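# Okay, structure incoming, though there's no sequence with it:
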Ligand SMILES: C[S@@+](CC[C@H](N)C(=O)[O-])C[C@H]1O[C@@H](n2cnc3c(N)ncnc32)[C@H](O)[C@@H]1O
């Protein structure tokens with residue numbers, strides 16, 4: 001046996017540090033395992049009311065009492081539940097919104113998406129890397145996430161929106177958007193519509209058109225109602241490739257749309273956006289946009305996000321140079337690039 005890993009430093013040389021690091025990555029698998037088991041069993045919903053003991057939860061959820069206690073303690077280890085010292089477990093207030101199904105920022109859709117699609121896709125990532133995601137003619141494949149999966153997914157990414165909208169709204173205000181100015185936007189692939197809805201709350205004279213497919217639109221309409229902006233949110237059920245988006249918008253907004261594209265389809269989307277704008281209108285792309293700064297938090301997340309896109313069927317995290325080339329092809333030019341959590345906001349206007 002090579003004695004080097006055991007030498008000096010109390011048995012903890014760089015090799016042991018490296019093994020700890022890799023092991024920590026490997027056991028990241030435990031977190032979704034524990035959270036998803038609790039979701040499947042109904043633990044979070046059961047704890048929406050009073051704190052309960054392990055035995056009470058096991059009885060209510062038809063589970064083995066000892067196994068339930070192990071699961072509850074693991075949830076406490078992740079700070080997802082708290083134990084009151086008398087073996088009663090509670091769901092902390094700040095976690096209710098994301099762990100219960102009806103919260104505006106509920107991650108239940110993400111959990112369900114991961115259970116139906118992502119686990120299997122990640123398990124087969126090596127096969128995907130061997131085969132690549134090119135289609136027969138050698139071009140990249142667009143992302144294959146289906147409408148059914150989007151129904152789970154779109155609410156599960158709502159929590160990204162508030163800090164991004166803060167930054168975007170600030171940039172729009174700097175460019176002359178005031179509470180009284182009647183402006184309009186088209187939200188292309190709006191999903192739950194959260195970006196439109198939060199901007200509508202920010203700018204009382206704004207009207208928003210949300211484009212998405214038939215199965216998703218009821219979610220956007222219900223949420224517009226919930227957030228009190230339904231009177232200024234116009235649903236446009238259509239395929240954004242084959243139908244007309246309308247004209248004269250002050251903002252064409254694409255959130256989490258470009259990472260689903262191939263380079264060719266990305267350029268086509270920007271051409272369509274340019275045609276839909278009023279004079280002086282802007283395009284905003286909110287996405288995993290990679291810059292030259294290798295160590296930024298956004299670039300690190302973008303790299304991992306690209307691996308996730310690869311695992312689940314195509315698309316990727318594109319670089320600023322890619323966007324600049326596509327913008328140029330569409331007669332547009334980048335006017336700002338803003339950092340937000342896990343995303344960047346690219347603003348572009350006419351060249
Ligand atoms: C990743 S989700 C993003 C949703 C939203 N923009 C957000 O970030 O919360 C992509 C959305 O684009 C919609 N979409 C994809 N292709 C579309 C098409 N060809 N026409 C209309 N909507 C489409 C999907 O239904 C889905 O709601």
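Right, received. Where do you want to start? Keep in mind it's a predicted model, so treat the numbers as computed, not measured.
# For this protein, list the residues in contact with the ligand, please.
150, 154, 157, 189-192, 194, 211-213, 216, 239-241, 255-257 (Cβ under 6 Å from any ligand atom). Placement of C-beta: from N, CA and C, glycine included.
# Mind checking which of these are buried?
With burial judged by 16 or more other Cβ atoms under 10 Å, the buried subset of these is 150, 154, 157, 189-192, 194, 211-212, 216, 240, 255-257.
# quick one: residue 58 from the ligand, how far?
Relative to the ligand, residue 58 is positioned 37 Å away (Cβ to the nearest ligand atom, to the nearest Å).
# Can you tell me the element that residue falls in?
Residue 58 is located in helix 54-60, with elements delineated by DSSP states H and E.
# try residue 69
Here residue 69 is assigned to helix 65-77, by DSSP H and E.
# what helices or strands is the next helix-or-strand element following that helix leaning on?
Toward the C-terminus, helix 65-77 is succeeded by strand 82-83 as the next helix or strand (DSSP H and E). Secondary-structure packing of strand 82-83 (3 or more Cβ pairs under 8 Å, 6 or more residues apart in numbering; DSSP states H and E): helix 65-77, strand 88-90.
# What lies in contact with strand 82-83?
If you take Cβ atoms under 8 Å, 6 or more residues apart in numbering as the criterion, strand 82-83 is touched by 72, 73, 76, 89, 90, 92.
# do that again at 10 Å, thanks
51, 53-54, 72-73, 75-76, 88-92, 95 (Cβ atoms under 10 Å, 6 or more residues apart in numbering).
# could the residues you listed be laid out in CSV, adding distance to residue 282, neighbour count and pLDDT?
Shown next, in CSV, are those (distance: Cβ to Cβ, whole Å; neighbours: other Cβ atoms under 10 Å; pLDDT from 0 to 100):
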residue, distance to residue 282, neighbour count, pLDDT
51, 50, 16, 96
53, 56, 18, 97
54, 54, 21, 97
72, 50, 24, 98
73, 51, 15, 97
75, 44, 23, 98
76, 47, 13, 98
88, 53, 16, 97
89, 49, 24, 98
90, 46, 15, 98
91, 42, 23, 98
92, 40, 12, 97
95, 37, 18, 97
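# In contact with residue 346, which residues?
Per Cβ under 10 Å, 6+ apart, neighbours of residue 346: 254, 258, 283-287, 289, 320, 323-324, 327, 334-338.
# Of the contacts of strand 82-83, just say which sits nearest to the ligand.
Using Cβ to the nearest ligand atom, residue 95 comes nearest to the ligand of the contacts of strand 82-83, at 21.2 Å.
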